[in-house]
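Trainee: Dropping a prediction and its sequence here:
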Amino acid sequence: MMPGISTSGVAGRTTFLFQINVTRRCQLRCSHCYILSDKKDTSPDMTEEEFLHVVSGIVEHMKADYNFSMRYTYVDIHVIGGEPSMLGVDFFKSALPKAKAMLAELPQEFSFSIVTNLVTREALEVARLFDKVSTSYERSTRFNKRKQEEIWRSNVQTLMAESKDLAIPGPKDFSVTTALVRPVVEAGTGIIEELTELGFTKMHFGFFIPSGDGDINAKLVQPKHSETAAFYIKALDWYLEHRSNEELWINPCESWLEAVYRNVPLDDVVCPIVHGALDIDSDGRTVSCIEKGGTNDYVSHGNIFEKAEKQNSDGTVTMEFVRGIPEVLTSQSYLKEVASARRLPLPCKTCDERHLCQANCHVLHGQWNGEGECPGFKTFIKYARNLVENHGVLPRSAMKEKESEVGNIIAIG
């Protein structure tokens with residue numbers, strides 16, 4: 001499973017992304033996965049108490065942010081893994097109503113979704129309990145067995161049909177994310193057509209980041225930056241040709257049109273740490289870099305599942321959590337990592353797109369030799385800029401604004 005993808009960018013919106021890894025266990029062993037196989041093999045599962053402790057901490061911190069600084073207008077929460085549905089239907093039937101009741105207290109807009117591989121009947125049943133669902137698909141690097149892909153396609157078709165029927169309860173927002181591994185970029189727009197045939201209209205194509213098993217297999221699955229940029233250009237052309245379908249939304253294509261047109265960096269196309277992100281591991285450890293969370297040896301900003309004895313006034317002793325999300329997000333360790341992520345690498349400091357790209361991903365910069373296409377895929381950014389500035393291509397938001405202006409003129413006239 002690749003990391004969850006944040007909701008499509010909106011200019012002026014400031015998002016904090018939380019990834020709740022309820023387990024790192026997974027039935028799949030995707031060769032590109034950012035999680036190490038041995039981490040999946042030994043992963044603990046969150047208990048309901050731990051899961052609700054995470055959610056409660058998110059609400060507490062975001063309430064404080066709203067009351068004192070209002071830095072964030074949107075909270076994006078992904079329930080992810082590993083494969084989260086491996087905790088079972090009963091776990092989610094019990095925990096989700098309590099979690100949703102807590103989240104209803106958030107003063108900001110929020111999204112609460114599950115990222116699932118949909119390779120079991122149980123995964124389908126769990127997905128039906130959420131309002132928003134994302135799954136993943138890549139050619140050649142995802143499924144270990146043909147049967148797994150057959151089940152995935154069947155579950156996708158079932159959930160897709162249900163998502164379009166308002167009479168059936170369950171998720172009405174169903175999207176797909178694809179990691180740009182070598183077989184995907186080699187297929188070009190064929191992968192987009194394949195996904196649209198399955199009924200998907202909301203897609204995100206995330207560039208490959210070498211971490212976990214993906215790092216071990218990087219020589220086999222990682223495309224060159226120039227190949228990734230070329231794919232994005234082809235995807236953008238395809239998207240513009242088919243954008244008459246108002247439900248179609250392909251990212252990062254749409255978000256980069258928006259970013260260039262508004263001249264503002266969008267929270268879903270720059271490193272999540274820059275705007276705000278926290279990855280909560282199934283053992284309670286925390287880290288700001290989503291990719292690092294797939295490894296075993298990262299430096300945690302604090303374990304929120306650690307407990308200590310508390311002496312009560314009646315003489316009894318209870319075990320209580322030592323810290324929560326607010327303590328982690330105000331720790332020196334976390335703040336230092338955020339500051340580091342915001343610091344531009346040397347090659348980026350003179351780049352004319354640094355304001356929008358913000359160095360993209362420091363993991364990619366760490367392996368880049370400074371030659372050829374950069375880790376921010378500048379060729380693609382320039383292509384999008386040319387379309388916007390010289391050919392009048394507009395992001396969807398601007399198209400709607402102009403439609404509204406025309407409507408107002410007609411109404412006044």
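Mentor: Everything's here; your move. Residues are numbered from 1 along each chain as shown.
Trainee: check contacts around Trp256.
Mentor: Contact analysis of Trp256 by C-beta atoms under 8 Å, 6 or more residues apart in numbering lists 236, 266, 269, 380-381, 384. (Each C-beta comes from the backbone N, C-alpha and C, glycine too.)
Trainee: now Glu162
Mentor: Glu162 makes contact with 128, 168, 170-171, according to C-beta under 8 Å, 6+ apart.
Trainee: Please identify the buried residues of the host helix or strand of it?
Mentor: Element membership for Glu162, per DSSP states H and E: helix 146-163. Of the residues in helix 146-163, 148, 151-152, 155-156, 159, 162-163 count as buried by neighbour count, 16 or more other C-beta atoms under 10 Å.
Trainee: Any idea how far that helix is from the middle of the chain?
Mentor: Centroid displacement of helix 146-163 relative to its chain, using C-alpha atoms, centre = their mean, to the nearest Å, is 21 Å.
Trainee: Out of the buried residues of helix 146-163, which comes closest to Ile192?
Mentor: Nearest to Ile192 among the buried residues of helix 146-163: Val156, at 15.4 Å, using C-beta to C-beta.
Trainee: which residue sits closest to the closest one in space, ignoring its chain neighbours?
Mentor: Using C-beta to C-beta, 6 or more residues apart in numbering and skipping the chain neighbours, the partner closest in space to Val156 is Leu198 (5.5 Å).
Trainee: What values do phi and psi take at the one you found?
Mentor: Note on Leu198: its backbone torsions stand at phi -80, psi -10 [degrees, to the nearest 10].
Trainee: Just confirm it contacts Gln157, I think it does.
Mentor: Yes. Using C-beta atoms under 8 Å, Leu198 is in contact with Gln157, at 7.0 Å.
Trainee: quick one, strands of the stretch 251-400 of the chain?
Mentor: Under the criterion DSSP state E, counting those that start in this stretch, strands of the stretch 251-400 of the chain are mapped to 277-280, 286-287, 307-311, 317-321.
Trainee: next one: the first one to chain centre, how far?
Mentor: So that's strand 277-280. 11 Å.
Trainee: Same check on the shortest one?
Mentor: Between the mean C-alpha location of strand 286-287 and the chain-wide mean there is a distance of 16 Å, by C-alpha atoms, centre = their mean.
Trainee: for stretch 77-97, same thing?
Mentor: Put simply, stretch 77-97 sits 17 Å off its chain's centre (C-alpha atoms, centre = their mean).
Trainee: Now that stretch: buried residues?
Mentor: By neighbour count on 16+ other C-beta under 10 Å, the buried set for stretch 77-97 is 77-87, 89, 91-92, 95-96.
Trainee: Same question for stretch 185-198.
Mentor: Buried residues in stretch 185-198, defined by neighbour count with 16+ other C-beta under 10 Å: 185, 187, 191-192, 195-196.
Trainee: Likewise for stretch 230-238?
Mentor: Using 16+ other C-beta under 10 Å as the test for burial, stretch 230-238 gives 230-236, 238.
Trainee: From those residues, which land in helices?
Mentor: Of the buried residues of stretch 230-238, the ones assigned to helices by DSSP state H are 230-236, 238.
Trainee: a markdown table for the buried residues of stretch 230-238, including distance to Arg71 and pLDDT?
Mentor: Below are the buried residues of stretch 230-238 laid out as a markdown table (distance: C-beta to C-beta, whole Å; pLDDT from 0 to 100):
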| residue | distance to Arg71 | pLDDT |
| --- | --- | --- |
| Ala230 | 37 | 98 |
| Phe231 | 34 | 98 |
| Tyr232 | 30 | 99 |
| Ile233 | 34 | 99 |
| Lys234 | 37 | 98 |
| Ala235 | 32 | 99 |
| Leu236 | 31 | 99 |
| Trp238 | 36 | 99 |
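Trainee: could you pull out the helices for the stretch 101-250 of the chain?
Mentor: Applying DSSP state H, counting those that start in this stretch to the stretch 101-250 of the chain gives helices spanning 121-127, 146-163, 182-187, 190-197, 213-216, 218-221, 225-242.
Trainee: For those helices, give me a markdown table that also has distance to Glu105.
Mentor: What follows is those, written out as a markdown table (distance: least, C-beta to C-beta, whole Å):
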| stretch | distance to Glu105 |
| --- | --- |
| helix 121-127 | 24 |
| helix 146-163 | 27 |
| helix 182-187 | 40 |
| helix 190-197 | 36 |
| helix 213-216 | 37 |
| helix 218-221 | 42 |
| helix 225-242 | 38 |
